[in-house]
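>>> starting from these lines, generate the structure:
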Amino acid sequence: MKKILSSEWLVLFTLMLLSGCTTALVLVGNTLNLTQIAVQNEKIYLMGEFNSQSYDQVVNVLEANPRISQIVLTANAGSLDDEITFRLARYIRNHQLNTHLLGKSVIASGAVDLFLSGMERTIEKGARIGVHSWSDGIRQASDFPPDHTDHKMNAEYVDTMLGSDEFYWFTIRAAPADSIYWMSEDEIRRYHLITSAFLPPSSDRTPFDEEFFEQRVMILESDD
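Numbering: from 1, shown residues only. From the prediction side, this is the model:
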């Protein structure tokens, strides 16, 4: 597996994503390969942020490996391009692929949206799911009235994936855009992020070795 970015650049863009990134940094981030991909048997493992390049990168791998049935998210801080992330998510749902979190997986923000796309969504005990509001740079999502058009894309996406937009309204109340709220197991069940009982932690290791642990810690400590 080719390492595209140095650890320093990965730190920069992960922190940028989780702390309310500027337009200029988003534009730069969308020119880089931030999504790392590895295939093992019938699983595809994803690490890193999702941006404007991620749809083509992931779909090309999926189409070259038609036996893949499960997408494993590992350490994923979020998305720099929600529209492209939603497009990838709809591809996943339309192809009836499943999503999975390992016991050590940490996902936040737009990566949680991608997780919702799985036909079956399984989670091992110990996985962390972080959510927060979005911001237009001035106001938080919760500052807009519920019928405001700026809620439409996100609320409709969640409704499509979960059969209700209740989870969307939970996320924008859970934490401001520059912070993270880590969901409890009860909340994960209540909002139907999971389609079966929590699984015991497995011995499954990510293909990303030490870089996975670096990114995992970085995400968990991003709102300290």
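>>> CA only for contacts and neighbour counts going forward, please
Fine.
>>> number of residues surrounding the closest residue to residue 196 other than its chain neighbours?
Leaving aside its sequence neighbours, residue 196 sits nearest to residue 122 (C-alpha to C-alpha, 6 or more residues apart in numbering; 6.5 Å). Counted with other C-alpha atoms under 10 Å, the neighbours of residue 122 add up to 22.
>>> please apply the same query to residue 177.
So residue 177, with other C-alpha under 10 Å, has 23 neighbours.
>>> what do you get for residue 220?
19.
>>> chain neighbours aside, what residue packs nearest to it?
The nearest residue in space to residue 220 (C-alpha to C-alpha, 6+ apart) is residue 106, at 7.6 Å.
>>> just checking, what packs against the helix or strand where that neighbour lies?
Per DSSP states H and E, residue 106 falls inside strand 98-108. Under the contact criterion of 3 or more C-alpha pairs under 8 Å, 6 or more residues apart in numbering; DSSP states H and E, strand 98-108 touches strand 70-76, strand 121-123, strand 128-131, helix 209-220.
>>> dump those into a markdown table; add distance to residue 152 as well.
Compiled in a markdown table, the helices and strands packed on strand 98-108 are given as follows (distance: least, C-alpha to C-alpha, whole Å):
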| stretch | distance to residue 152 |
| --- | --- |
| strand 70-76 | 24 |
| strand 121-123 | 24 |
| strand 128-131 | 18 |
| helix 209-220 | 28 |
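>>> looking at the ones you listed, which is closest to residue 161?
With C-alpha to C-alpha as the measure, strand 121-123 is the member of the helices and strands packed on strand 98-108 nearest residue 161 (11.0 Å).
>>> which elements pack onto that closest one?
Using 3+ C-alpha pairs under 8 Å, 6+ apart: strand 121-123 touches strand 98-108.
>>> for the residue nearest the centre of the chain, give me its contacts.
The structure's the chain has its C-alpha centroid closest to residue 111; by C-alpha atoms, centre = their mean the separation is 0.7 Å. With contact set as C-alpha atoms under 8 Å, 6 or more residues apart in numbering, residue 111 has these partners: 49-50, 76-79.
>>> repeat that for 6 Å
76, 78 (C-alpha atoms under 6 Å, 6 or more residues apart in numbering).
>>> how far away from the center of its chain is the helix or strand hosting it?
For residue 111, the host element (DSSP H and E) is helix 110-115. In terms of C-alpha atoms, centre = their mean, to the nearest Å, the centre of helix 110-115 is found 3 Å from the chain centre.
>>> so what's the residue count around the nearest residue to residue 68 once chain neighbours are set aside?
Once flanking residues are discounted, residue 68 sits nearest to residue 42: 4.1 Å by C-alpha to C-alpha, 6+ apart. Residue 42: 12 surrounding residues under other C-alpha under 10 Å.
>>> confidence score at residue 18?
Listed pLDDT for residue 18 reads 54.
>>> ah, wrong one, I meant residue 178
Predicted confidence (pLDDT) for residue 178: 87.
>>> a helix runs through it, doesn't it?
No - applying DSSP: H, G, I helix; E, B strand; the rest coil, one finds residue 178 to be coil, outside a helix.
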